[in-house]
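Trainee: predicted model, plus sequence, below.
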Amino acid sequence: MTPGQATGAGGKPTTVFVSYSRADQKRALPVIELLEQAGFCVWWDGLIEGGERFSRTTASALDTARAVVVLWSQTSADSHWVHDEATSGRDRGVLVPLSLDGTEPPLGFRQFQFIDVSRGRLRSEADRIVRAVAALHDAPPVPLASKPRMVDRRLVLAGGAGLVLAGAGGAWWVGLIGGAKASANSVAVLPFLNMSGDPEQVYFSDGLAAEVRAELARNALLSVAAQASSNQFRERTDDAKTISRKLGVAYLLDGNVRKSADSVRVSAELIDGRTGFSQWSQSFERPLTNIFAVQDEIAEAVTAALTARVADPGKRGASETGGTKDVAAYDAFLRGQDLFDQAANEATDRAALARFDEAIALDGKYGAAHAARALALAVIANQYVPAGQRPALFKDATATARRATELAPKLAEAFSALGFVLHSGLLDWKAARAPYDQSFALGAGDADVLTRFALFCARTGRFDEAASAMDRAIMLDRLNPRTYRQQGQVAYAARRYADAIPPLDRALELNPKMGTANSVKGSCLLFLNQLDEARAAFEREPSLVVGLPGQAVVALRQNRQADAERLFDRLVSEFGDIALYQQAQVLAQWRKPAQALDMLGRARAQNDAGLIFIRNDPFLDPLRQEPEFLRLLKSLGYA
């Protein structure tokens with residue numbers, strides 16, 4: 001021990017400094033007790049004599065502490081002493097912020113995730129806060145499990161306090177380099193440049209970036225911008241600071257790939273979005289057979305660069321998260337993903353399916369390929385084939401998706417695919433709920449998983465969960481028009497028509513030719529009784545199967561009988577049985593219940609995917625008291 005060094009109650013040098021407002025002392029004592037029970041030597045102002053707030057010993061304890069635990073509250077947020085002590089911890093990268101009453105940290109400290117110490121959760125979350133502090137020490141403390149159960153008068157008098165630390169699987173965020181208006185642990189992975197000299201290899205460089213992005217997104221410590229938003233900057237026409245600002249992230253991961261017949265060279269660079277300067281860069285040159293190791297190395301290096309200290313996050317094996325060790329299977333999968341993401345037409349979707357089949361033939365345990373195959377089958381069944389062919393395709397899709405969840409029990413996309421097939425294909429929302437919920441639990445960092453979950457929740461009446469998931473998806477994917485369209489769809493399903501219009505307008509601002517967005521906007525305006533505006537929106541809808549029904553309903557509302565009949569006849573002649581549900585919507589609004597119910601019965605016989613909207617669909621409100629409609633709802637699992 002050095003002269004002047006602070007010591008704790010047992011005379012040992014202190015390694016944890018606890019900062020709080022004197023008014024909060026009763027609530028601070030259980031936290032101090034917890035840290036002491038875990039084996040840390042704790043400095044707090046009860047150790048100094050005479051109630052002196054600051055002394056030379058206090059300064060020494062603060063300056064030498066391995067961890068500065070700050071207890072924010074309404075009171076301490078206004079304390080200059082607590083601000084100064086928190087600043088010391090922040091600047092040295094040893095800050096562990098807690099909140100005693102749910103109060104957010106004041107400005108200057110909000111870029112750090114904090115532990116919400118409120119509402120009696122101390123006992124259940126004790127181990128988590130100990131891990132957070134332990135990550136700042138050379139060696140972990142004695143585990144709480146080996147300590148006697150805490151029964152202390154200070155804990156009883158204070159009433160306890162709960163602790164929640166953002167993280168999962170035993171991985172704890174403790175401090176992040178820098179600070180920015182964007183979350184300090186946020187990063188966007190830009191499309192890696194293809195340096196191979198062969199334009200046909202773009203799928204490989206894009207796929208490699210996507211795999212690194214997915215690996216990072218599985219880490220609960222990080223907030224990773226989604227692929228669609230990141231890919232807006234493929235051409236790199238903006239500088240790093242501008243790209244970071246537009247994506248709402250603190251860091252960018254950029255890179256390039258040079259692939260030859262038997263080797264690959266990947267150069268990656270982590271850029272601070274505030275300054276535009278490089279924080280870390282590295283080149284990896286490996287045999288092509290080691291491409292999976294390169295992905296892991298890049299992801300691990302970025303995580304290490306973004307986090308000051310990270311305890312073991314419980315790294316999962318490739319099989320658990322759907323990966324493969326077969327390079328040829330991986331290549332086929334990337335080619336399939338590239339085709340499927342184009343969403344161009346039946347030909348590209350079937351070509352993608354063939355690539356996923358190829359990947360599975362090469363590695364039958366490739367979970368991600370099974371999940372992708374299931375989605376491709378469901379899309380083909382819903383969009384391209386006659387009704388008689390759908391049952392066999394959906395049966396295949398369901399079996400494939402279930403296999404994906406068995407092979408990759410930690411792959412969110414596998415459970416999301418199963419939920420999608422069960423709900424959109426088999427119309428079994430009850431069976432779809434469990435896999436969708438599991439996809440949400442595993443995929444909080446995946447915008448596509450979040451939006452799929454949100455739409456399912458909205459269509460089955462879980463509106464608050466849907467809105468929350470969409471807010472998270474928007475944060476991750478703020479330049480993707482599809483995400484804003486889906487946010488509008490979620491609000492529309494909840495019948496918050498006015499709230500739905502701004503995100504739909506944002507979607508159309510980003511992509512004026514986007515399908516479905518004008519139709520949903522027109523529906524909102526229709527039910528707000530803004531008929532002229534609704535008509536204009538429906539007429540702008542490029543997807544006629546959803547645009548024509550709205551136009552026909554508005555026409556009749558405006559007493560344009562001939563126009564209404566012409567539009568409905570066009571819907572029937574151009575789309576036939578593909579649009580049975582849409583025909584039912586029009587007939588219901590035209591107050592022709594018998595005909596509308598007949599169409600819905602035919603749609604049910606074909607498992608028409610439109611029926612996923614039936615629970616909340618305002619177009620069908622005129623039918624809701626009809627006994628036949630109630631029987632249909634019951635057959636679909638809705639009471």
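Mentor: Good, I have the coordinates.

Trainee: need the three-state assignment for Val68.
Mentor: strand (DSSP: H, G, I helix; E, B strand; the rest coil).

Trainee: got a list of what the residue lying closest to it once chain neighbours are set aside touches?
Mentor: Distances taken as C-beta to C-beta, 6 or more residues apart in numbering place Gly89 nearest to Val68, at 2.9 Å, with adjacent residues excluded. (Glycine included, C-beta is placed from N, CA and C.) Counting by C-beta atoms under 8 Å, 6 or more residues apart in numbering, Gly89 makes contact with Phe17, Ser19, Leu62, Ala65, Ala67, Val68, Val70, Leu95, Val96.

Trainee: same deal with Asp206?
Mentor: Asp206 touches Pro191, Phe192, Asn194, Asn231, Leu334, Asp338, counting by C-beta under 8 Å, 6+ apart.

Trainee: check Gln561 too.
Mentor: Ala555.

Trainee: measure it to Gly276 for me?
Mentor: 62 Å (C-beta to C-beta, to the nearest Å).

Trainee: got it, and Ser230?
Mentor: Using C-beta to C-beta, we find Ser230 at a distance of 17 Å from Gly276.

Trainee: comparing the two, which shows the higher neighbour count?
Mentor: Set Ser230 next to Gly276 and count neighbours by other C-beta atoms under 10 Å: Ser230 wins out with 27 against 14.

Trainee: surely that one meets Val189?
Mentor: Yes - using C-beta atoms under 8 Å, Ser230 makes contact with Val189 at a distance of 5.8 Å.

Trainee: any shared contact partners between these two?
Mentor: Joint contacts of Ser230 and Val189 (C-beta under 8 Å, 6+ apart) are Arg213.

Trainee: least trustworthy helix or strand in the protein by mean pLDDT?
Mentor: Least confident helix or strand, the chain: helix 153-158 with a mean of 26, by mean pLDDT, DSSP states H and E.

Trainee: report whether Ser283 is found in a strand, as I expect.
Mentor: Yes - inclusion of Ser283 in a strand is indicated when three-state DSSP is applied.

Trainee: so what's it closest to, chain neighbours aside?
Mentor: Closest to Ser283 by C-beta to C-beta, 6+ apart is Ser267, at 4.6 Å.

Trainee: who touches the host helix or strand of that neighbour?
Mentor: Here Ser267, judged by DSSP states H and E, is contained in strand 263-272. Here strand 263-272 makes contact (C-beta under 8 Å, 6+ apart) with 178, 187, 192, 208, 240, 244, 250-259, 277-288, 291, 294, 298, 301-302, 305-306.

Trainee: quick one: distance of it to the chain centre.
Mentor: In terms of C-alpha atoms, centre = their mean, to the nearest Å, the gap separating the centre of strand 263-272 from the centre of its chain is 25 Å.

Trainee: pull out the buried residues from that strand.
Mentor: Within strand 263-272, the residues that count as buried by 16 or more other C-beta atoms under 10 Å are Val264, Arg265, Val266, Ser267, Ala268, Glu269, Leu270, Ile271, Asp272.

Trainee: look up how far Ala493 lies from the residue lying closest to Gly445 once chain neighbours are set aside.
Mentor: Sequence neighbours aside, Ala217 is the residue nearest to Gly445 in space, at 3.5 Å (criterion: C-beta to C-beta, 6+ apart). Distance of Ala217 to Ala493, given as C-beta to C-beta: 26 Å.

Trainee: Val130 too?
Mentor: 43 Å.

Trainee: how about Phe440?
Mentor: Relative to Ala493, and taking C-beta to C-beta, Phe440 is found at 17 Å.

Trainee: same check on Val257?
Mentor: When Val257 is compared with Ala493 (using C-beta to C-beta), they lie 41 Å apart.

Trainee: same question, Leu531
Mentor: Remark: distance between Leu531 and Ala493 (C-beta to C-beta) = 22 Å.

Trainee: what is the burial count for Lys513?
Mentor: Count around Lys513 with other C-beta under 10 Å applied: 10.

Trainee: my read is that it contacts Glu541, right?
Mentor: No - counting by C-beta under 8 Å, Lys513 stays clear of Glu541, with 10.5 Å between them.

Trainee: any stretches of the chain with poor pLDDT?
Mentor: Scanning the chain for pLDDT under 70 picks out the ranges 1-14, 46-57, 111, 119-125, 138-184, 219-221, 236, 299, 301-322, 343-344.

Trainee: cutoff 50 now
Mentor: 1-5, 8-10, 48-54, 141-181, 308-316 (pLDDT under 50).

Trainee: strands along that one, start to end?
Mentor: Taking DSSP state E, the strands of the chain run over residues 16-19, 42-43, 67-72, 95-99, 115-116, 186-189, 193-194, 223-224, 251-259, 263-272, 278-287.

Trainee: just the CA atoms of the fourth one, as CSV, please.
Mentor: Spelled out, it's strand 95-99. Extracted in CSV, the C-alpha atoms of strand 95-99 (Å, rounded to 0.1, in the frame of the first residue of the first chain):
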residue,chain,number,x,y,z
LEU,A,95,-17.5,4.3,-14.8
VAL,A,96,-20.3,1.9,-13.7
PRO,A,97,-23.5,4.0,-13.7
LEU,A,98,-26.6,2.9,-11.7
SER,A,99,-29.9,4.6,-11.2
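
Trainee: note down every partner strand of it and its orientation.
Mentor: Its sheet considered, strand 95-99 pairs with strand 67-72 (parallel), strand 115-116 (parallel) by DSSP bridges.

Trainee: how much space between the residue nearest to Ser283 and Asn290?
Mentor: Here Ser267 is placed at a distance of 16 Å from Asn290 (C-beta to C-beta).

Trainee: pipe the strands paired with strand 95-99 into TSV and attach distance to Glu104 and mean neighbour count per row.
Mentor: Output for the strands paired with strand 95-99, formatted as TSV (distance: least, C-beta to C-beta, whole Å; neighbours: other C-beta atoms under 10 Å):
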stretch	distance to Glu104	mean neighbour count
strand 67-72	8	27
strand 115-116	10	24
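
Trainee: how about JSON lines for these, with distance to Ala444 added?
Mentor: Output for the strands paired with strand 95-99, formatted as JSON lines (distance: least, C-beta to C-beta, whole Å):
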{"stretch": "strand 67-72", "distance to Ala444": "25"}
{"stretch": "strand 115-116", "distance to Ala444": "17"}
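
Trainee: which residues sit against stretch 99-106?
Mentor: Stretch 99-106 is contacted from outside by 20, 24, 27-28, 70-74, 76-77, 83, 86, 97, 110, 112, 114-119, 161, using C-beta under 8 Å, 6+ apart.

Trainee: kindly recompute the last result at 6 Å.
Mentor: Asp24, Arg27, Leu71, Trp72, Ser73, Gln74, Ala77, Pro97, Phe114, Asp116, Val117, Ser118 (C-beta atoms under 6 Å, 6 or more residues apart in numbering).
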